[in-house]
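Colleague: when you get a sec, could you give me coordinates for this:
(one chain, ligands or ions: 2)
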Amino acid sequence: MKPVCLVTFLWVVLLLLGVPPASAQWREDVQDIMGTRVHAEIWEQDPARGERLLAMVMAEMRRIEAAFSPYLESSELSLLNRQAPGGWVEISSELFDLLEKSRSVSELTGGAFDVTYASVGRYYDYRAGERPPDELLKQALEAIDYRYVELDPEHRRARYARPEVYVDLGGIAKGHAVDRAIELLLDAGVAQASVSAGGDSRILGDRRGEPWNVGVRDPRREGVMAVMLPLLDTAVSTSGDYERYFEADGVRYHHILDPATGDSARNTWSVTVLGAEATLTDALSTSVFVLGPEKGIALIDTLPGIDAIVIDAQGTLRYSADLAPLTASP
Ligand code: ADP
Ligand code: MG
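Modeller: Ligands and ions are numbered 1, 2, ... in the order given. Sure, this is the predicted structure:
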């Protein structure tokens, strides 16, 4: 029998058995969730299972948005913001865990990362081009200090030490959502996948024998990549001053605030942090953005398994020590 006949024969047998001629392929979905673009891509043979896995990822993202968005009155975070100034509030272990992780990053970064930044941050409206008047800013600044969020692990509860304290998890929640999605995919036996929520992504495995290519955007040229990174099994987070901003009198007001001043941090254009988990890379990209290139990279160099690429306010690329070989000219 000639090979072509053998192939035909096998097809006929498969069709008679009712087996669909499925082949493994990339399956993806993109949806707008958490005020950003969520993208998931997985390698899966069975189309129905592929659909189910992607739907599971998107449902998890929506669950996290519903729990931790400060813009939804019904979220657990909004409940905390309403009640914690008045005394202890019992919270879910997931929220408690995020607040604890936020606090440890605050301690690690000397307060550059601080979820109470929003005590001032809540008065900016980037879409409307509005910032708090000086007097209000000065007053609200008093309420920025991560130590004002008191945590009681024994009873899993939290309270705010001052009434004006307001918490926003925007610097860590998307990374958490990406980690949760990847955990669910791992539990389901998926070995190759990529999940991203805006600037936070995490990849699982390789791309059929090749590394995944993750680009770092040029912060001043739309659609242009400053660097391409070939990666396997890594979380990557980018924070940039181009995501949400407005300009007034030639000054750029963007969404990453220096907790010391209540004003946008301006000695960096973009920060990309690489590590094992997106929750940490997300919080650290925001942190390094606030710390600036020198202090930020010095901190990253003390953390094993974490690397960073910073584009400073002159547009110069800077790398943490482990990535320095990337900068070596050929
Ligand atoms: P995005 O992917 O939204 O651009 P980033 O990782 O760059 O996220 O973090 C920016 C977000 O972090 C802001 O939108 C705000 O919600 C929050 N944020 C801003 N400044 C701080 C800060 N100093 N500490 C913690 N969170 C912050
Ligand atoms: Mg971040």
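Colleague: would you mind naming what in the stretch 151-300 of the chain lies close to ligand 2?
Modeller: Residues of the stretch 151-300 of the chain found near ligand 2 (CB under 5 Å from the ion) are 171, 239, 282, 285, 286. For every residue, glycine as well, the C-beta is placed using N, CA and C.
Colleague: helices - which of the residues you listed land there?
Modeller: If you go by DSSP state H, these have 282, 285, 286 in helices.
Colleague: which residues of the chain lie near ligand 1?
Modeller: 113-115, 117, 168, 170-171, 174, 198-199, 239, 243, 255-257, 259, 282, 285-286, 290 (CB under 6 Å from any ligand atom).
Colleague: try 5 Å
Modeller: Neighbours of ligand 1 within the chain, by CB under 5 Å from any ligand atom: 113-114, 117, 168, 170-171, 198-199, 239, 243, 255-257, 259, 286.
Colleague: pLDDT check: weakest of the residues you listed?
Modeller: Taking these together, the minimum pLDDT is found at residue 243 (85).
Colleague: give me the nearest residue to it, chain neighbours excluded.
Modeller: residue 255 (6.2 Å; CB to CB, 6 or more residues apart in numbering).
Colleague: so who does the one you found touch?
Modeller: 121, 124, 126, 170, 243, 244, 245, 264 (CB atoms under 8 Å, 6 or more residues apart in numbering).
Colleague: just give the number of residues close to the closest residue to the first one other than its chain neighbours.
Modeller: Take residue 121 and drop its neighbours on the chain: the residue closest to it by CB to CB, 6+ apart is residue 257, 5.4 Å away. By other CB atoms under 10 Å, the residues close to residue 257 number 23.
Colleague: just residue 134 next, same as before
Modeller: 8.
Colleague: distance of it from ligand 1?
Modeller: 19 Å (CB to the nearest ligand atom, to the nearest Å).
Colleague: and for residue 40?
Modeller: Residue 40 is 17 Å from ligand 1, where distance means CB to the nearest ligand atom.
Colleague: what does residue 96 give?
Modeller: Distance of residue 96 to ligand 1, computed by CB to the nearest ligand atom: 18 Å.
Colleague: what helix or strand does that residue sit in?
Modeller: If you go by DSSP states H and E, residue 96 is part of helix 93-108.
Colleague: quick one: that helix near ligand 2?
Modeller: No - contact of helix 93-108 with ligand 2 (CB under 5 Å from the ion) is absent, the minimum separation being 9.9 Å.
Colleague: what's that helix packed up against?
Modeller: Packed against helix 93-108 by the contact rule (3 or more CB pairs under 8 Å, 6 or more residues apart in numbering; DSSP states H and E) you find helix 47-68, helix 76-83, strand 149-152, helix 278-291.
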